[in-house]
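K.L.:
Provide a 3D model corresponding to the input given below.
(chains A and B)
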Amino acid sequence: MAGFDKRVSSYQDALAGLEDGMTLLAGGFGLCGIPENLIAEVKRRGTRDLTVVSNNCGVDGFGLGLLLEDRQIRKMLASYVGENALFEKQLLAGDLEVELTPQGNLAERMRAGGAGIPAFYTATGYGTPVAEGKEIRQFGDRHYVLEEAILGDFAIVKGWKADTYGNVIYRKTARNFNPLVAMAGKITVVEVEEIVEPGMLDPDQIQTPGIYVDRLIQGSFEKRIEKRTVRA
Amino acid sequence: MALTREQMAQRVARELEDGFYVNLGIGIPTLVANYVPDDIEVMLQSENGVLGMGRYPTEDELDPDMINAGKETVTVRTGGSIIDSAESFAMIRGGHVDLTVLGAFEVDVNGNIASWMIPGKLVKGMGGAMDLVAGADNIIVTMTHASKSGESKLLSECTLPLTGAGCIKRVLTDLAYLEVTNGAFVLKERAPGVSVDEIVEKTAGKLVIPDHVPEMNISG
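P.N.:
The predicted model follows:
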């Protein structure tokens, strides 16, 4: 009996069923809190024509930037994609489609997707290009844009610690989009730095309860720093 | 003399009040943190998920899991908290942030702001800027008054795609501090040594000039 044990034994098993043309949600902000081993596994699998939803698209040679090398991404939905020369090249060549969405909308659209809310109104983007073609409604004296929820066939998430039941704790700003991505996947795969026995984590501290998590694996992480700033 | 970037940050810092939660954008707004008066306490929000951003880390404190919205490594200050991205933007959308400071390419007399996209150039994205300008009531835009080629950035109508509509009420440039009200820029202060004439010349949108336009007090 596996019960609530969400562990899988390999990265291959973690992404079993990920197929060409699927929508893949990925946690992380910049290179902070990205599921770096799961991304590397997507590259290894060679899955193509993916729609990838993530705040950014990594950098050249690391993070989601790896999936550009073999043109595995057909469409990218992100709020900011400025850190990646290969991305720029593929975009200008027409090999890659991009939908830019405000950062707060991106987070809320995934949260809504995971919470069973198909769409919501927000003042963000009213009167701007992102509102074009979308329903506008007035509440009080302000105008709001209808934004639709986002769901993924797969969601890949980076946590800090989890118990075997898939209850997850994040660490510092590596949390970012991860709890929202975790909610919005039909299959949610979480990789963490440490897996502990049930009971070892304080229930009050759990940030993603195991109900959202389908598969869990422990990995080791490079945690590359994008902008190293220190004081003397 | 036009204000330096540091002087602009210093002038914006005078708008900080004790107990304010503040979101600072990238560039000049980031410098505002260096000029928080000693006798007040403010909490900096960084939209990737920090409320209470601290100083840059020492080598020993450096932590890849602890960054700000500019992707720089930072620390969290005493009394700060870490949040997820939806929670972070709930604070912003819900109007809980007391002051937002951000840069722009253009602002117009109706409070429209353009800051993220120049057609014909590669578009990198808006990040959190659209959420910030739509969610905050109290926003200060910092930018140079005119472009390097001398074209005004204070317009009758923004020419670039908007970041937000009708949401800007205050602008600090290197020449002046202005309020945006009733379809015009109102000249409230001028940079030390800068004449009203120069500001008039470099403002393309309707400009209201009160009888007395004081010189800016930069350092309070």
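K.L.:
so what's the residue nearest the centre of chain A up against?
P.N.:
Centroid-nearest residue in chain A, with CA atoms, centre = their mean: A:Ala26, separated by 2.1 Å. Listed by CB atoms under 8 Å, 6 or more residues apart in numbering or on different chains, the contact set of A:Ala26 reads A:Ile34, A:Pro35, A:Leu38, A:Ile39, A:Val52, A:Val53, A:Ser54, A:Leu64, A:Ala155, A:Ile156, A:Val181. Quick note: C-beta positions are derived from backbone N, CA and C, even for glycine.
K.L.:
could you rank the residues you listed by neighbour count and give me the top one?
P.N.:
Of these, A:Val181 is surrounded by the most neighbours, 35 neighbours in total, counting by other CB atoms under 10 Å in any protein chain shown.
K.L.:
picking that back up, got CSV for the contacts of A:Ala26, with distance to A:Met22 and secondary structure too?
P.N.:
Below are the contacts of A:Ala26 laid out as CSV (distance: CB to CB, whole Å; DSSP: H, G, I helix; E, B strand; the rest coil):
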residue, distance to A:Met22, secondary structure
A:Ile34, 19, coil
A:Pro35, 16, coil
A:Leu38, 14, helix
A:Ile39, 14, helix
A:Val52, 10, strand
A:Val53, 11, strand
A:Ser54, 14, coil
A:Leu64, 15, coil
A:Ala155, 11, strand
A:Ile156, 12, strand
A:Val181, 15, helix
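K.L.:
out of those, who's nearest chain B?
P.N.:
A:Val181 (9.5 Å; CB to the nearest CB).
K.L.:
so what's that closest one up against?
P.N.:
Counting by CB under 8 Å, 6+ apart, A:Val181 has contacts A:Leu25, A:Ala26, A:Gly27, A:Ser54, A:Met110, A:Gly152, A:Ala155, A:Ile156, A:Val157, A:Thr188.
K.L.:
what pairs with the second one across the strands?
P.N.:
Going back to what we said before, that points to A:Ala26. A:Ile156 (DSSP bridges).
K.L.:
select the helix or strand of chain B having the lowest average pLDDT value.
P.N.:
Ranking every helix and strand in chain B by mean pLDDT, DSSP states H and E puts helix B:28-31 at the bottom, with a mean of 93.
K.L.:
packing partners of that helix?
P.N.:
Other helices and strands packing on helix B:28-31, by 3 or more CB pairs under 8 Å, 6 or more residues apart in numbering or on different chains; DSSP states H and E, are helix B:5-13, strand B:99-103.
K.L.:
how far off centre is the last one?
P.N.:
Right, strand B:99-103. Counting by CA atoms, centre = their mean, to the nearest Å, strand B:99-103 is centred 3 Å from the centre of its parent chain.
K.L.:
what does the pLDDT read for A:Ser1?
P.N.:
For residue A:1 the amino acid is Met, not Ser. At A:Met1, the pLDDT value in this model is 67.
K.L.:
now for residue 157, how many residues are close by?
P.N.:
No chain in the question, so chain A it is. A:Val157: 32 surrounding residues under other CB under 10 Å.
K.L.:
could you do chain B instead?
P.N.:
11.
K.L.:
grab the nearest non-local neighbour of it.
P.N.:
Nearest non-adjacent residue to B:Glu157, counting by CB to CB, 6 or more residues apart in numbering or on different chains: B:Asp108, 5.1 Å away.
K.L.:
who touches the least confident helix or strand of chain B?
P.N.:
Under CB under 8 Å, 6+ apart, the answer for helix B:28-31 is B:Arg5, B:Glu6, B:Met8, B:Ala9, B:Val12, B:Leu24, B:Gly70, B:Val101, B:Leu102, B:Gly103, B:Thr142, B:Met143.
K.L.:
return the member of the residues you listed nearest to B:Ala165.
P.N.:
Nearest to B:Ala165 out of the contacts of helix B:28-31 is B:Leu102 (CB to CB; 15.4 Å).
K.L.:
residues in contact with that closest one?
P.N.:
Contacts for B:Leu102 (CB under 8 Å, 6+ apart) come out as B:Asn23, B:Leu24, B:Gly25, B:Pro29, B:Ser115, B:Ala129, B:Leu132, B:Val133, B:Ile139, B:Val141, B:Thr142.
K.L.:
which of those residues count as buried?
P.N.:
Using 16 or more other CB atoms under 10 Å in any protein chain shown as the burial test, those include B:Asn23, B:Leu24, B:Gly25, B:Pro29, B:Ser115, B:Ala129, B:Leu132, B:Val133, B:Ile139, B:Val141, B:Thr142 as buried.
K.L.:
distance of whatever residue is furthest in space from the centre of chain B relative to chain A?
P.N.:
The centre of chain B is farthest from one residue, B:Asp60, which by CA atoms, centre = their mean lies 31.7 Å away. B:Asp60 sits 9 Å away from chain A when distances are taken as CB to the nearest CB, to the nearest Å.
K.L.:
which ones are touching the closest residue to A:Thr229 other than its chain neighbours?
P.N.:
In space, A:Thr229 comes closest to B:Glu72 once its chain neighbours are excluded; the distance is 4.1 Å by CB to CB, 6+ apart. Residues near B:Glu72 by CB under 8 Å, 6+ apart: A:Lys227, A:Thr229, B:Tyr56.
K.L.:
now do B:Asn68
P.N.:
B:Asn68 neighbours (CB under 8 Å, 6+ apart): A:Thr173, B:Ser46, B:Asn48, B:Val50, B:Met53, B:Val74.
K.L.:
same question for A:Arg215.
P.N.:
A:Arg215 touches A:Lys6, A:Arg7, A:Val8, A:Asp13, A:Ala14, A:Ile187, A:Thr188, A:Val189, A:Val190, counting by CB under 8 Å, 6+ apart.
K.L.:
A:Leu77 too?
P.N.:
A:Leu77 touches A:Thr51, A:Val52, A:Val53, A:Ser54, A:Val98, A:Glu99, A:Thr101, A:Leu106, A:Ile150, counting by CB under 8 Å, 6+ apart.
K.L.:
what do you get for B:Asn138?
P.N.:
B:Asn138 sits next to B:Asp98, B:Leu99, B:Thr100, B:Lys169 when contact means CB under 8 Å, 6+ apart.
K.L.:
ok, B:Ala114 to B:Gly95 distance?
P.N.:
The gap separating B:Ala114 from B:Gly95 is 23 Å, by CB to CB, to the nearest Å.
K.L.:
whoops, A:Glu132 was the one
P.N.:
In this view, A:Glu132 and B:Gly95 are 26 Å apart by CB to CB.
K.L.:
one more: A:Arg231?
P.N.:
Distance from A:Arg231 to B:Gly95, by CB to CB: 33 Å.
K.L.:
among the contacts of B:Asn138, name the buried ones.
P.N.:
Using 16+ other CB under 10 Å, the buried ones in those are B:Asp98, B:Leu99, B:Thr100.
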